[in-house]
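Student: output the structure for:
(one chain, ligands or ions: 1)
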Amino acid sequence: MRKWIVAGNWKMHNTIAESIALAKAIKEGASDFKGGAIVLAPPFTTLFNVGEVIKGSNVFLAAQNMFYEDKGAFTGEISPGMLKDTGCSYAIIGHSERRKYFHEQDHDVNLKVRKALIAGLTPIMCVGETDEERVKGITQDVVGRQVKQGLSGVEEIDKVVIAYEPVWAIGTGKVATSAQAQEVHAFIRGILKDIYGNKADDVRILYGGSVTKDNVAELIAMEDIDGALVGGASLKADGFLGIIKEICVKK
Ligand code: 13P
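Tutor: You can find the predicted model right below:
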């Protein structure tokens, strides 16, 4: 049985005071949701504060990115050890916004996933095709390449979480249909089966892209969708708790 995960990616939003208030509201509202993991990914500047709020609860802390070196002259970067120091147990890696605006390649994603595992952080590795790629009919080529290259040399697949986030569905309100999402999730699990055999059945694959409390029920009913990576709708406690409730009830 795969345990669900609902992760809120706050992206570049929230001051320290706003982060503390939101984390408190989510922690209080989520105390009854059992059987899975609730994860918050605030900006780096408020990780420590959010970590203090959720300490000892059923809510866990994630970074939105990390570097793959332990220390050194890498201005502006943050190491896995520093993230653990703030209380992080997860790290989102290879988000499409990192790939698009900061030119992260599959090779960088791979280095980060491997480093996260060595450091004891659970990587949430993001993959997904653009609108143009879907229209061209190369969704599986793109997602297949991202999964295989991102996981190159990775043995501990049971410690990896994958997030399928079609780029055209992120922040657009244009959610993938449950059938579209399931098709790609099943495709990803098929790749994992080829590489890792039966262990693939234990890997959590989250869907991300315009998830709200109103559309999540249909998505989460799909066999290979094990949770959600939520952007916009994770910035308000009510909306985020509504999503967790649906998933908690259905999975
Ligand atoms: P939205 O939920 O705002 O579409 O963002 C999804 C996302 O990018 C989560 O990482």
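Student: for Phe60, which residues are in contact?
Tutor: By Cβ atoms under 8 Å, 6 or more residues apart in numbering, the residues touching Phe60 are 37-40, 54, 89-90. Quick note: C-beta positions are derived from backbone N, CA and C, even for glycine.
Student: for Glu218, which non-adjacent residue is spatially closest?
Tutor: Ser178 (4.5 Å; Cβ to Cβ, 6 or more residues apart in numbering).
Student: my guess is the one you found contacts Met222. True?
Tutor: Yes: applying Cβ atoms under 8 Å, one finds Ser178 in contact with Met222, separated by 5.3 Å.
Student: where along the stretch 51-200 of the chain do the strands fall?
Tutor: According to DSSP state E, counting those that start in this stretch, the stretch 51-200 of the chain carries its strands in the segments 59-63, 88-93, 122-127, 161-164.
Student: note down every partner strand of the last one and its orientation.
Tutor: To tie it back to what came earlier, the one meant is strand 161-164. Strand pairing for strand 161-164, using DSSP bridges, gives strand 122-127 (parallel), strand 205-208 (parallel).
Student: any chance of TSV for those, columns mean neighbour count and mean pLDDT?
Tutor: TSV is the format used below for those (neighbours: other Cβ atoms under 10 Å; pLDDT from 0 to 100):
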stretch	mean neighbour count	mean pLDDT
strand 122-127	26	98
strand 205-208	26	98
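Student: return the residues of the stretch 101-250 of the chain in contact with the ligand.
Tutor: Counting by Cβ under 6 Å from any ligand atom, the stretch 101-250 of the chain comes close to the ligand at 165, 170-171, 208-211, 229-233.
Student: so what's Ala181 up against?
Tutor: Contacts of Ala181 (Cβ under 8 Å, 6+ apart): 164, 166, 207, 219, 222, 225.
Student: which of these sit farthest apart?
Tutor: Spanning the widest gap among the contacts of Ala181 are Pro166 and Met222, at 14.4 Å by Cβ to Cβ.
Student: neighbour count: these two, which is higher?
Tutor: Neighbours around Pro166 and Met222, counted as other Cβ atoms under 10 Å, are more numerous at Pro166. The numbers are 27 against 16.
Student: report the buried residues of the helix of greatest length in the chain.
Tutor: Scanning the chain for the helix with the most residues, using DSSP state H, yields helix 178-196. Buried residues in helix 178-196, counted by 16 or more other Cβ atoms under 10 Å: 178, 180-185, 187-189, 191-192, 196.
Student: repeat for stretch 140-156
Tutor: For stretch 140-156, by 16+ other Cβ under 10 Å, it's 140, 142-144, 146-147, 150-151, 154.
Student: what confidence value was assigned to Lys115?
Tutor: For Lys115, the model assigns a pLDDT of 98.
Student: distance of it relative to the ligand?
Tutor: Per Cβ to the nearest ligand atom, to the nearest Å, Lys115 is found 20 Å from the ligand.
Student: point out where the stretch 101-250 of the chain drops to low pLDDT.
Tutor: For the stretch 101-250 of the chain, no stretch has pLDDT under 70.
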